[in-house]
Structures are given as C-alpha cells and as structure tokens.
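Q: task: produce atomic coordinates for the following.
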Amino acid sequence: MIAIYFYLSLISGLVSLAAAAAVYWRNRFQAIGPIFGLTLMWMGFWCVGFAFYYHPLESDWAMLWAKMTMTASITAHAFWFHTMSELSGRSRRHWLFIVGSYATAALLLIILWSGGLLTNLKSQPHMDHYVEYSARWYPPLMVYLLSSQALGVTWVLQAAWRETGYRRTQLVYFVVAWAIIFLTTSSIIIPLQYEVNIPPFGFFLLPLNLGFLAYVMGKARLADFNVVIARVFLYAVTLVIIAAATLVFLGGTAVASPGFMNQQQLTFAFMVAMIIGIGLTISLPRFLPRAERIMQERMFGGRYGYQDTLGHLVKELSRMPTIDQILESVAGTAHAQMQVSRVLIFMQDALTGNYKLRAESGLGPQDDVEALELKGSAGIVEWLSGNSDALVREEMARRVEPSLQQQLETELNNLKVNVCVPMSLDGRLVGLIGIGEKLSREMFFVSDLRVLETLATEVALAVKYRRMEDEVSRKNRLVELGTIAAGVAHEIRNPLASIKTFAQLMPDRMDDLEFKNEFSKLVLKDVDRITKVIESMLAFARPAQVTMGNHAANDIVEEAILLVQPRLKSKKIELTREFHGNPAITVDKHQILQVLVNILSNATDALHERGRIRVATGVSQRNLGGDGNRDQTYAVIEISDNGPGIPATVRSRLFDPFFTTKKEGTGLGLSISQKIIRDHGGAITVSSVEGKGTSFQVNLPLK
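A: Next comes the predicted model:
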C-alpha cells in the first residue's frame, strides 16, 4: 500500500506541474497567470518531495528530501496567499500582507535550513518514515500556514459574493477545489506531529483536484454548477455500485475460503476494482451523456426548461413561412426563455455588406434602432468570421489579443450585449445573434452557449432555405407571367381584330345604321371579354391581400353551396353532404369561397341534367411534399361529381393559365384557385375516371 501512495504522490506532482504550465499559458496576459503558475509549480515540487516519505532512504538522504519538501510547502503557501489576494482583487490594496507573507516564508526557510525546524526522523504506520518538528517552531509554522490560507480564502469568498457571471463561478469553483485539497492533505498531515495517524487517502483525489484547478483557471468557459453536481453525483453513484459489488464479491470469497486472500491482497483487489470503476465511469461515451442528462433533469428540472423550448423551436423553424417570422420568433423565444435583457438578430445586407438589425426583443423607447448596425469591418464581425464559436465578453481576457479587446468591448457596450453568436454558412458569416446579460446576473455556461450556437446554425440554414424557396417561387412566377402574357395575347387578339375592322370600316359606313348597331354590339362584347381577361390575369398575378381568420370548414362549404344553388336548381342537380367532423381552419374566408364556388361551378357545367354532386369534409394525415417526408394534418374538402370525367390529356394541363375546354371560359379559374390554396400552405389534388366522374380535393393545413 505504501508503494501505491509513493506513485500517487509522484503522479500528483506531475499533474501539478502540467497544471502550472496550462494556467500560466491561458492567463499569460494577466497577473494571475505567472503567480498561480508558480503556486502550482511549488505544489508539484512538494508532491514529488512528499512521495519520498513513502520510499526507503538512508537517514541523511531522507532528511535532505524532508527539508526540500518543507521548502516547497512553505514557498507554495506564500504563493497560495499571493494567488488568492490577486484573485480577490486585493493585491494592490493589501500589498503589505503579501510582502509580509513572503518575508515570513523566507524567515521560516532560514530556520529550516539552519537545522532549527526539523529535528529527527520517525516511523509512521502509513509511511516508510516521517519527520519530527521542533516543539518550539512547529506552532508558529502552523499559525503561518493556516492563517495565510484562512485570510486568503476569506478574501476570495468576499469577492465571490460581490462578483457576478463568470468571475463568481470561477471563484466559487476555486474555493471548492482549494477546500478539498486542504481537507484531504493539510488536515491529514498537520496532526502527524501529534501522533494522530490518518491514512493519506487525499492523494487519491489530489490529481483530480489539481486538474480541476487547472480547468477553473485555464478554461474560458465553465460548466454550470448543476452540471458539475449532477456529474459528480453520477460518478459517486456509479462508484458506490461498483464498490458495493466488489465488497460483496471479496466478502463472499473470504467467507467461502478464509485463507484464499490475505489483508493486503484484499486491499489491492479493492483498489484495482476502484480504478477500473473510475475508468468505466468516464469511458462510456454513449451511456454517460444520456445518464448525465437524466440526472440533471431529475435534480434541476426547472433549470433546463429553456433548453427544451429552444430545441423545440429549432424543429419548428422549417414550418415558418417567412424569414421575418423566423427571426422574430427566435428573438422573442430566446429573450423570454433565457431571461436575458435583450436579443438582437443581425443579417448581412447583400448590397452594403453591413449587418443590419432584422429582429429584436427587449429594446426600449430609449434605444436608437437605426444606430444598431455593424459594419463589415467591425471588430465583432471580423472576430466571428475568424472563429467558429461565440464571442463572450467574460472570455475575452483569455481568448482575444489585448490590442483587440478594447474595440470589442466598445462595440459590445454599444449593442448592450454580452454574447455574440455567429450564424455561419459555407464558411461565411451571414448574420449574428446578440444576447444581453442574464437577469439573474449568472454567467453563460457551456450548456447555454451550445444551445445558442445550435440555434444560430439552424436559423442560418432556415433563412438560406427560405431564400432559396423565395427565389424558386420568383422564377416560377416569372414563368407563369410569361405564360399569362402569351395567353393574354391569344385571348385579346380576336377581339382586337374585330375592333380594328370596325374602326377601319367606320369612316366609309358612318350612315349605315344597321352596320353601326351590329358592330357596336360586337365591339362592346369584345371589350367586355378583354376586360374580363385582364381582371382575371391581375387576380392571378398580383400578390393576394390575405385576411386570415378562424372559420369552421363546414360553414364555408355551406355558404359556397348557397351561392351556386340557383345553377344547381336550373339543371336539377342533386347535391349531397358528407361531413366527417367540422375542422377549424385559419384562412381568408372570401378567397376559399372563391375556390369552392369555382370548383362547384365547373362540376355543374360538366354535368347533364339530374347529375349528382357530393361534398365531403374531414381531416386527413398525408404528405403533399411540403415538409420533407413527414406527414401533416390537413382539413380536406372534397367535391365529386358523376359527370363524364376529365381525359388524361386534359388532366395534365388542368391548372395551366388560359387552358380551357369551355367556349366562353378564360382558363384562369383553376389557376387562380390553385394559387390561393398554395398561398394558404395547402394543395388541390384531382382524381378522375373517364365516364365515371371527377373528384377535387382541397387540402388546407391545420395549425
């Protein structure tokens, strides 16, 4: 067992030296970097020296190593005090305390190397050897070591109480790590002078705590308290289960075969099981994240509701019809759920290259919206373009060059935000989301930033796809307008020819009353036809003025039937209703009436006398190609007749503008109807069998 402690102490020393290098490098632009780096370096020297208390040595070498170990301990405590003074922001105000600490340490080192502090070697149950301290100097040594630590940690706690955000989290984590190190090392070692022998189990935890200190002081982003608590609790539960199973196995072995394993072998087997247990706990990447998430939800369910809400919002982005609605929904939801002061969403302007405010939530009347714009050369834009993750105000001291920090700080202050999250596509910054400070004044934890970065990526993709859809729609509209232009030219050519003929003959036949009367009627008829064509064309081509409202589908159907009732009676057509429920639809009532009246009128025109029309309503799950491969819920209005049906050659052109089989038709009725339903997010489908009838289905999405 002594050999295990020897290697654990050496490992702790190596970990501490590695942590010293990491802390210095990550904080090299701040005073705390070299100070705490030296602290951990001396801590590492102490661990290496302490390891030789577990290693057999000749008395002269043992005393030399003891003096070197004590030198590292005294020096490390002076640097610990300086580190905590710097962390608490008191190093300038209390510089006399710091100087006094180093002076006291120097005095103790003089006493140590002059032979006054360590007097002899002695044996200990859990060590190969230990030292005896001078009864005269040991109490002052302990007073210095304990008082410097107590005063320093008191200052850090006071600073943590005052601070907010990242600084508070960092200081709290620092105190927790320091407390665990102190309780598992100093509190065990100090009583050895008075023959209080406690197994040095702290060396099992020391490498983890030193690594945690390096994480706290070197990491720009810290995990949430709750994540750490849940993770530690999960590790503890896992280890307890493994330990319990191991003890049951070893106990069963001892009962079944009492002499099979001695005490040392049992202890060694248990330690091996614990090491394997730690390895299993950490190295199950598929099991651990899920288990950790479950633990967080069970212990801190209220804290993670906003993440679920934002995750649900990501899934809904593809269903939002416009870019403005996407951005406004994201801004409003993030502002309300994350409890932040404001949310700003900027998108790059294609002409200027600047980033203009497109959506916001949390701005007040005192804010100048026009001034909230970022130029393409802004520091925030350049930083986000060159980095793949968020810019966080509290991280800039570790992640941003000092020359750029002031510019970024000024721009963040102008926007009054603490976090800027990039919206990048294909390596290009297309926009960014600015997040104000949390109302709780907490920091933005790793889990917060991950959710925001995922949301920003999904918003960028949703905007890209919506722009692509708009571009396709624009091109389709141009094609449709070209078809319309050709149709208009065809439709008005004959009426214009009649009018031209009349105008040419009029001078020669001014006195011919019969000619004037006949051609006047013809001209008026042709003008009416041209007017009808133009009005239909405008109805098809211009953007619809939609007035949405909630209506019962059956009520709209009944109103449409009422409008065509005179035509039905004139041909003695029988109309039957099959209403399967009464779905509530959000539509422009007048536009849907126009669609239904048009389809009913077409069915009436197609039928002979005493024909039959069936109108049915209901709800159906189907995939009409509007949302990938997923089915959606639609309200369905079906209008069927038992007429002659539609030939296959005609069916493929049914919705083409100006295509008609009627002598007096313009060929725009079904085209306009299809456009109206598409504007509502739905679709019209047709099925027909020649000689048996036709069925039109109007599908309107249910929200």
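Q: which helix or strand contains Gln3?
A: Wrong residue type there; residue 3 is Ala, not Gln. Ala3 belongs to helix 2-26 when elements are defined using DSSP states H and E.
Q: for Leu562, same thing?
A: helix 553-570.
Q: next one: that helix to chain centre, how far?
A: From the chain centre to the centre of helix 553-570 is a distance of 50 Å (CA atoms, centre = their mean, to the nearest Å).
Q: who's in contact with it?
A: With contacts defined as CB atoms under 8 Å, 6 or more residues apart in numbering, helix 553-570 is touched by 575, 577, 579, 582-585, 587, 589, 592-593, 596-597, 600-601, 604, 613, 615, 617, 635, 637, 700. Every C-beta, even on glycine, is put in place using the N, C-alpha and C of the backbone.
Q: you'd agree Ile345 is in a strand?
A: Yes. Using DSSP: H, G, I helix; E, B strand; the rest coil, the assignment for Ile345 is a strand.
Q: what number of residues lie near the nearest residue to it once chain neighbours are set aside?
A: What sits nearest to Ile345 in space, not counting adjacent residues and going by CB to CB, 6 or more residues apart in numbering, is Ala359, at 4.3 Å. Residues near Ala359, counting by other CB atoms under 10 Å, number 21.
Q: quick check: what element follows the helix or strand harbouring Ala359 along the chain?
A: Using DSSP H and E, Ala359 sits in strand 355-361. Next helix or strand after strand 355-361 toward the C-terminus (DSSP H and E): strand 373-374.
Q: average pLDDT across the helix or strand following that following strand?
A: Moving toward the C-terminus from strand 373-374, the next helix or strand (DSSP H and E) is helix 379-386. Mean pLDDT, helix 379-386: 91.
Q: strand partners (parallel or antiparallel) of the strand holding Ala359?
A: strand 343-348 (antiparallel), strand 373-374 (antiparallel) (DSSP bridges).
Q: buried stuff in stretch 412-422?
A: Leu412, Leu415, Lys416, Val417, Asn418, Val419, Cys420, Val421, Pro422 (16 or more other CB atoms under 10 Å).
Q: again with stretch 446-462
A: Buried positions in stretch 446-462, judged by neighbour count with 16+ other CB under 10 Å: 447-449, 451-453, 455-460, 462.
Q: likewise stretch 178-191?
A: Trp178, Ile180, Ile181, Phe182, Thr184, Thr185, Ser186, Ile188, Ile189.
Q: how far out from the middle of the chain is the helix or strand that the helix holding Ala3 is followed by?
A: Under the assignment DSSP H and E, the closest C-terminal helix or strand after helix 2-26 is helix 32-51. Averaging C-alpha positions (CA atoms, centre = their mean) puts helix 32-51 39 Å from its chain's average.
Q: go on, stretch 317-327?
A: With CA atoms, centre = their mean, you get 17 Å for stretch 317-327.
Q: now do stretch 424-443
A: Taking the mean of its C-alpha atoms, stretch 424-443 sits 10 Å from the chain's own mean (CA atoms, centre = their mean).
Q: list the buried ones in it?
A: By neighbour count, with 16+ other CB under 10 Å as the criterion, the buried positions of stretch 424-443 are 424, 429-438, 442-443.
Q: could you dump it to CSV, C-alpha only?
A: The C-alpha coordinates for stretch 424-443 follow below in CSV (Å, rounded to 0.1, in the frame of the first residue of the first chain):
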residue,chain,number,x,y,z
SER,A,424,-22.3,30.9,-40.5
LEU,A,425,-22.9,29.1,-43.7
ASP,A,426,-20.3,27.7,-46.0
GLY,A,427,-17.5,29.4,-44.1
ARG,A,428,-19.2,32.8,-44.4
LEU,A,429,-20.8,34.9,-41.6
VAL,A,430,-24.3,35.6,-42.8
GLY,A,431,-25.6,37.0,-39.5
LEU,A,432,-25.2,37.0,-35.8
ILE,A,433,-27.3,36.9,-32.6
GLY,A,434,-26.6,39.3,-29.8
ILE,A,435,-27.6,38.2,-26.3
GLY,A,436,-27.8,40.7,-23.4
GLU,A,437,-26.8,39.8,-19.8
LYS,A,438,-28.9,37.4,-17.8
LEU,A,439,-31.4,39.0,-15.4
SER,A,440,-30.1,36.6,-12.7
ARG,A,441,-26.6,38.0,-13.4
GLU,A,442,-25.2,34.5,-13.8
MET,A,443,-22.6,33.7,-16.4
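Q: how close does Gly618 sit to Gln697?
A: Applying CB to CB, to the nearest Å, the value for Gly618 to Gln697 is 10 Å.
Q: sorry, wrong one. I was asking about Arg509.
A: 55 Å.
Q: looking at the two, which has the bigger crowd around it?
A: Higher neighbour count among Arg509 and Gln697: Gln697, with 20 against 13, using other CB under 10 Å.
Q: and that one, what element?
A: Using DSSP H and E, Gln697 falls in strand 693-701.
Q: for that strand, give the mean pLDDT please.
A: Across strand 693-701, pLDDT averages out at 91.
Q: for the buried residues of stretch 424-443, work out which two are farthest apart.
A: The distance between the two most remote of the buried residues of stretch 424-443 (CB to CB) is 29.7 Å, for Val430 and Glu442.
Q: can I get the buried residues of stretch 178-191 in CSV with distance to His77, secondary structure and pLDDT?
A: Below are these laid out as CSV (distance: CB to CB, whole Å; DSSP: H, G, I helix; E, B strand; the rest coil; pLDDT from 0 to 100):
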residue, distance to His77, secondary structure, pLDDT
Trp178, 12, helix, 87
Ile180, 17, helix, 81
Ile181, 12, helix, 83
Phe182, 11, helix, 82
Thr184, 16, helix, 77
Thr185, 12, helix, 80
Ser186, 9, helix, 78
Ile188, 16, helix, 74
Ile189, 13, helix, 80
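Q: adding distance to Val343, write the residues you listed out as JSON lines.
A: Listed next are the buried residues of stretch 178-191 as JSON lines, based on distance: CB to CB, whole Å:
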{"residue": "Trp178", "distance to Val343": "37"}
{"residue": "Ile180", "distance to Val343": "38"}
{"residue": "Ile181", "distance to Val343": "41"}
{"residue": "Phe182", "distance to Val343": "43"}
{"residue": "Thr184", "distance to Val343": "44"}
{"residue": "Thr185", "distance to Val343": "47"}
{"residue": "Ser186", "distance to Val343": "48"}
{"residue": "Ile188", "distance to Val343": "51"}
{"residue": "Ile189", "distance to Val343": "52"}
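Q: of those, closest to Ala350?
A: Ala350 lies nearest to Trp178 out of those, by CB to CB, at 54.0 Å.
Q: how much space between that closest one and Ile188?
A: 15 Å.
Q: now the common contact residues for Gly618 and Gln697.
A: With CB under 8 Å, 6+ apart, Gly618 and Gln697 have common neighbours Val636, Glu638.
Q: what's near enough to touch the closest residue to Arg428 other than its chain neighbours?
A: Distance criterion CB to CB, 6+ apart; nearest residue to Arg428, sequence neighbours excluded, is Ser385 at 7.9 Å. The contact partners of Ser385, taken as CB under 8 Å, 6+ apart, are Pro422, Arg428, Leu429.
Q: for those residues, which one is nearest Arg26?
A: Using CB to CB, the contacts of Ser385 come closest to Arg26 at Pro422, 22.7 Å.
Q: measure the closest one to Ile556 for me?
A: In terms of CB to CB, Pro422 sits 47 Å off from Ile556.
Q: now Ile11
A: 77 Å.
Q: looking at the two, which has the bigger crowd around it?
A: Ile556 (20 against 16).
Q: now do the strands in the stretch 351-500 of the chain.
A: 355-361, 373-374, 391-392, 419-425, 428-435 (DSSP state E, counting those that start in this stretch).
Q: surely Gln674 touches Ile684?
A: Yes. Here Gln674 lies in contact with Ile684, judged by CB atoms under 8 Å, at a distance of 5.4 Å.
Q: show me where the stretch 51-200 of the chain has strands.
A: Using DSSP E, counting those that start in this stretch, strands in the stretch 51-200 of the chain cover 118-124, 127-133.
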